[in-house]
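# Predicted model and sequence below, questions to follow.
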Amino acid sequence: MGKINKSDIESVLEKYLTVCDSAANKRNAGFWTNAGKPWLNERWRGISAKKTGAPFTMALDIAGYSTVLGINCLDYYGNADVQLYEQMRYHLWEAEHLRCNRFFDKKAFVSFQSAMEANAFGAKITFLPTQSPWVDFKNPAIKERSDLDKLRDTDISKAGLIVRAHEFYERMCELVEGSGISVMYPVMQRGPFPIATELRGTNELLMDLVDAPDFVHELMRWITDGLKEHARRRADYVGEPIAPCKLGNDEIATPMIAPSMYEEFILPYELELADFHGSVMYWHSCGITDPFYELIGTIPNLEMMHIGPWSNVGKAAEVFGKLDIALDICINSTEDIYDRTPEEMRRKLLKIKDACEGKVRYAVRADGFQIIRTIEKDLAK
């Protein structure tokens, strides 16, 4: 895209503030317990305050916005001015077209999606023009177990995307100065085990769980300590207390991981992070997590649990309702929306409502949309 002028950015910031101050947004704030708290990552997600009349939210992912709005992701992740401008632009698009209960706060964010965590520990990253950055799984940082020793001296404060995050943060703070919008410096959103899979490779790490359990604990120990150190440095850098923890755990799901493996190799480190941070704002896995519900429920001060499209919503309502942990229930954009009639969609939502209403605080979310047919057909659905 062409050069973005300061006046272009000032214009979208002004329009975005209008959305934040709108009557509709103020009404939506009442659905969430965290409407006044910074999310500290891209893709704001609300912690529901409602056991009845639950909120519903929608969002595209960056690949979807790339298609609909013509965003070049190489520019978006390579230039702070572009990232600020384009995220404001797609917020405005969301407010106009999606008309859900999503809350818009007066925050801009620095984001490299989930690539920043693994990169901080030594993983190589691939940038693509229409998607978020991906970890280079063809060239893992730990090809042999002995390679872990070579990574121990990695200084996460000097990793490529960490350095870029600082540059983006400082530039964005300049761009929003005096506007009424503040900038969020990101927290790490991936848990220790997903980072381990990105460094080692999924198949290799699964074999390690069986063949080399001591190595797995050594790797998890190193990553957990690194996450804590980053949280300390982040707090010092932005002059804020250590932020609540987020545990993005898509690699934790059956049949890939058994509950016994989760309990032995993963949960102890998540408990340690929960204690260090004071709370876990969000535990996330899109996979099947039913067998882990009771174990996850032992994490102290867990605020919200993600329930993916293939997980048991009824069991989640039972387990987490007793613990007053809110549910973030995600439906499948293809199977539940693109491939369904309006009546089938309605039945899906009513099934979720029957399982949760009055039992647990919950929200339903249709997220991560990409355009797989045409813009007109997919957005109509």
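Perfect, I can see it now. As the structure is a prediction and not an experimental result, all values here were calculated from the model.
# Alpha carbons only: can I get the longest strand along the chain in CSV?
Ranked by number of residues, the top strand in the chain under DSSP state E is strand 362-369. The C-alpha trace of strand 362-369 is given here as CSV (Å, rounded to 0.1, in the frame of the first residue of the first chain):
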residue,chain,number,x,y,z
TYR,A,362,-20.8,-18.0,29.2
ALA,A,363,-20.4,-16.3,25.8
VAL,A,364,-20.7,-17.7,22.3
ARG,A,365,-18.1,-16.7,19.8
ALA,A,366,-17.8,-17.1,16.0
ASP,A,367,-14.2,-16.2,15.4
GLY,A,368,-11.3,-16.8,13.1
PHE,A,369,-13.3,-16.4,9.9
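# Now stretch 247-256: buried residues?
247-254 (16 or more other C-beta atoms under 10 Å). Just so you know, the C-beta spots here come from the backbone N, C-alpha and C atoms, and that holds for glycine as well.
# ditto for stretch 118-126
Buried-residue list, stretch 118-126, by 16+ other C-beta under 10 Å: 118-125.
# what's the answer for stretch 322-334, then?
Counting neighbours by 16+ other C-beta under 10 Å, stretch 322-334 gives 323, 325-333 as buried.
# Other residues contacting that stretch?
Outside stretch 322-334, the residues within contact range by C-beta atoms under 8 Å, 6 or more residues apart in numbering are 33, 45, 47-49, 282, 284, 286, 297, 302-310, 313, 316-317, 320, 337, 348, 352, 356, 360-370, 372.
# from those, which would you call buried?
Buried by 16+ other C-beta under 10 Å: 45, 47-49, 282, 284, 286, 302-309, 313, 316-317, 320, 337, 348, 352, 356, 360-370, out of these.
# Show me the residues you listed that map onto strands.
Short answer: the buried ones among the contacts of stretch 322-334 in strands (DSSP E) are 282, 284, 304-307, 362-369.
# hmm, back to that, ok, so of the buried residues of stretch 322-334, who is nearest Glu376?
Lowest distance from Glu376 to these (C-beta to C-beta) belongs to Ser333, with 16.3 Å.
# Model confidence for that closest one, exactly?
With respect to pLDDT, Ser333 scores 81.
# Quick one: distance of stretch 96-104 to the chain centre.
With C-alpha atoms, centre = their mean, to the nearest Å as the basis, stretch 96-104 stands 18 Å off its chain's centre.
# could you give me the average pLDDT of that stretch?
In this model, stretch 96-104 has an average pLDDT of 93.
# Start the count at 219 instead of 1 going forward.
Renumbered: residue one is now 219, and that last one reads stretch 314-322.
# Can you get me the start-to-end distance on it?
End-to-end span of stretch 314-322 (C-alpha to C-alpha, to the nearest Å): 12 Å.
# contact partners of it?
Stretch 314-322 is contacted from outside by 234, 237-238, 243, 246-247, 249-250, 253, 262, 264, 273-277, 309, 312-313, 581, 597, using C-beta under 8 Å, 6+ apart.
# Mind checking which of the residues you listed are buried?
Among the contacts of stretch 314-322, those buried by neighbour count (16+ other C-beta under 10 Å) are 234, 237-238, 243, 246-247, 249-250, 253, 262, 264, 273, 275-277, 309, 312-313, 581.
# For the helix or strand containing Glu388, name the packing helices and strands.
Glu388 is located in helix 378-394, with elements delineated by DSSP states H and E. Applying 3 or more C-beta pairs under 8 Å, 6 or more residues apart in numbering; DSSP states H and E, we find helix 378-394 packed against helix 224-238, helix 298-315, helix 333-338, strand 400-402, helix 431-456.
# low pLDDT regions in the stretch 269-418 of the chain?
By pLDDT under 70, the stretch 269-418 of the chain has no low-scoring segment.
# how about a cut-off of 80?
The stretch 269-418 of the chain contains residues with pLDDT under 80 at 372, 374-377.
# Check the separation of the first and last residues in stretch 266-279.
Start and end residues of stretch 266-279 are separated by 21 Å (C-alpha to C-alpha).
# Could you do stretch 231-246 as well?
One end of stretch 231-246 to the other measures 20 Å (C-alpha to C-alpha).
# For Cys548, see how far away Val575 is.
Careful, residue 575 is Glu; it's not Val. Glu575 sits 18 Å away from Cys548, taking C-beta to C-beta, to the nearest Å as the criterion.
# residue contacts, Ile265?
Contacts of Ile265 were listed using C-beta under 8 Å, 6+ apart, and they are 250-252, 499-500, 521-522, 544, 546, 579.
# Out of those residues, which comes closest to Val353?
Closest to Val353 out of the contacts of Ile265 is Tyr500 (20.9 Å), distances taken as C-beta to C-beta.
# Now do the contacts for Met474.
Counted by C-beta under 8 Å, 6+ apart, Met474 has contacts 420, 424, 505.
# Does the second one lie in a helix or a strand, and which?
With the criterion set as DSSP H and E, the secondary-structure element containing Leu424 is helix 420-429.
# Hey, what's the angle from that helix to helix 431-456? Just curious.
Between helix 420-429 and helix 431-456, the angle comes out at 120 degrees (axes from the mean of the first three to the mean of the last three C-alpha atoms, to 10 degrees).
# Flag every buried residue along helix 420-429.
Neighbour-count burial for helix 420-429 flags 422-424, 426-427 (criterion: 16+ other C-beta under 10 Å).
# try stretch 449-466
For stretch 449-466, burial by neighbour count (16+ other C-beta under 10 Å) applies to 449, 452, 461-466.
# What is the burial count for the closest residue in space to Ile517 that isn't next to it in sequence?
Nearest residue to Ile517, sequence neighbours excluded (C-beta to C-beta, 6 or more residues apart in numbering): Ala492, at 5.1 Å. Ala492 has 20 neighbours, counted by other C-beta atoms under 10 Å.
# and Gly515, backbone torsions?
phi -60, psi -10 (degrees, to the nearest 10).
# Distance check, the nearest residue to it once chain neighbours are set aside against Lys533.
Distances taken as C-beta to C-beta, 6+ apart place Leu541 nearest to Gly515, at 5.3 Å, with adjacent residues excluded. In this view, Leu541 and Lys533 are 13 Å apart by C-beta to C-beta.
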